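**Q** Got a sequence here, can you build the structure:
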Amino acid sequence: MKIALTCGIITLSCLPIFSFANESLTVGALATFGASDYAVDDKVSAVPLFLYDNGRIYAEGAEFGAYPLKNDKHWVRVGVSYDGRQFDPNDAKIANLRHLDERKSSINAHASYMYITPIGGFELKATTDILDKSDGQTLALAHRSRFHFYGNKLIIYPKFGVTWHSDDYNNYYYGVSSAESVRTGVRQYHAKSGISPFVSVSAKYRLYDKVGIFANQRVEWLSSTQKDSPLTDDNTKATTSIGMTYDF
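**A** Numbers count the residues shown, from 1 in each chain. From the prediction side, this is the model:
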């Protein structure tokens with residue numbers, strides 16, 4: 001397994017919405033290991049972390065937006081977020097895949113609603129690509145909860161749910177066009193819409209008054225149409241992040 005060092009931005013999917021952020025600005029530096037679902041070399045990335053939320057506007061990693069509504073029971077968010085899914089043919093482990101077209105990351109517009117109950121938050125979130133990469137959409141349903149330990153020094157946020165990816169989204173990231181097939185010998189493939197379950201656990205431990213440790217583990221199980229793609233060699237996509245934070 002080849003490990004490459006890159007720089008990037010941590011995606012929202014690795015961060016809790018229900019929520020580490022507060023009116024003070026939190027910045028951090030994380031090391032992120034990604035076990036890709038694509039047939040590519042896995043990578044270690046150095047990524048920045050930003051958390052801020054004053055009840056009107058917010059920033060969480062690669063997601064930025066505003067609250068049209070926020071109270072003890074209802075959170076409505078609108079904004080933009082970075083979608084880090086991408087396929088770089090130069091990293092492919094199979095020779096034929098190295099001649100495919102690149103599948104690029106994108107920026108999504110999003111809207112979400114979360115209803116907060118005594119057993120956690122139930123969130124519905126819709127996104128759409130605004131950079132004309134996939135022209136696709138996603139719809140996610142998730143449950144979030146929060147647990148405090150050691151006098152609030154340790155906070156843990158489990159999250160689980162399912163994400164529906166549209167036909168356009170999946171076909172851009174997992175399909176193979178007829179032109180690519182003729183050029184590379186990789187079989188033509190049309191990916192349809194599908195549903196992917198996921199689970200994520202984030203944690204923050206306060207070492208000192210302003211210094212802490214942040215960690216996240218996320219696993220996504222591919223839908224059948226994604227698993228059947230010639231671009232993939234696994235049925236899961238896993239991301240592990242850990243690093244230090246400072247509260248201003």
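
**Q** all helices of this structure, in order?
**A** With DSSP state H, the ranges of helices along the chain come out as 167-174, 178-184, 224-227.

**Q** Give me the residues contacting the first one.
**A** The reference is to helix 167-174. 85, 87, 103, 129, 133-138, 189-194, 223, 225-226, 229, 231-232 (C-beta atoms under 8 Å, 6 or more residues apart in numbering). (Glycine included, C-beta is placed from N, CA and C.)

**Q** How about residues contacting stretch 217-231?
**A** Under C-beta under 8 Å, 6+ apart, the answer for stretch 217-231 is 13-14, 37-39, 87, 97, 100, 163, 165, 170, 173-176, 186-187, 189, 191-201, 232, 234-241.

**Q** Show me which of those are buried.
**A** Buried subset of the contacts of stretch 217-231 (neighbour count, 16 or more other C-beta atoms under 10 Å): 13-14, 37-39, 87, 97, 100, 163, 165, 170, 173-176, 186, 189, 191-194, 196, 198, 200, 232, 237, 239-241.

**Q** residues in contact with the closest residue to K133 other than its chain neighbours?
**A** Nearest non-adjacent residue to K133, counting by C-beta to C-beta, 6 or more residues apart in numbering: S106, 4.0 Å away. Contacts for S106 (C-beta under 8 Å, 6+ apart) come out as Y82, D83, D129, I130, L131, K133, S134.

**Q** Which positions are bridged to the closest residue to K73 other than its chain neighbours in the beta structure?
**A** Nearest residue to K73, sequence neighbours excluded (C-beta to C-beta, 6+ apart): I116, at 5.4 Å. Beta-bridge partners recorded for I116 (DSSP bridges): G121.

**Q** Can you report how many residues neighbour I116?
**A** Applying other C-beta atoms under 10 Å, we find 16 residues neighbouring I116.

**Q** That one: what's it in contact with?
**A** Applying C-beta under 8 Å, 6+ apart, the residues contacting I116 are F18, D72, K73, H74, W75.

**Q** Which pLDDT value goes with it?
**A** For I116, the pLDDT comes out at 94.

**Q** do G34 as well
**A** For G34, pLDDT reads 82.

**Q** where in the protein is pLDDT low?
**A** 1-23 (pLDDT under 70).

**Q** ranges for the strands of it?
**A** With DSSP state E as the criterion, the chain has strands at 4-7, 26-35, 43-53, 57-60, 63-70, 74-83, 106-117, 120-129, 137-144, 147-149, 154-165, 194-206, 211-221, 236-247.

**Q** May I have stretch 76-90 as CSV, with CA atoms only?
**A** C-alpha atoms of stretch 76-90 as CSV (Å, rounded to 0.1, in the frame of the first residue of the first chain):
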residue,chain,number,x,y,z
VAL,A,76,-32.7,24.9,10.0
ARG,A,77,-29.5,25.4,8.0
VAL,A,78,-28.6,26.6,4.5
GLY,A,79,-25.2,27.1,3.0
VAL,A,80,-22.5,25.6,0.9
SER,A,81,-20.2,22.6,1.6
TYR,A,82,-17.2,20.9,0.0
ASP,A,83,-17.8,17.4,-1.4
GLY,A,84,-14.4,15.6,-1.3
ARG,A,85,-15.3,12.5,-3.3
GLN,A,86,-12.9,12.3,-6.2
PHE,A,87,-11.0,9.8,-8.4
ASP,A,88,-7.5,10.6,-9.5
PRO,A,89,-6.5,8.1,-12.3
ASN,A,90,-2.8,8.8,-11.5
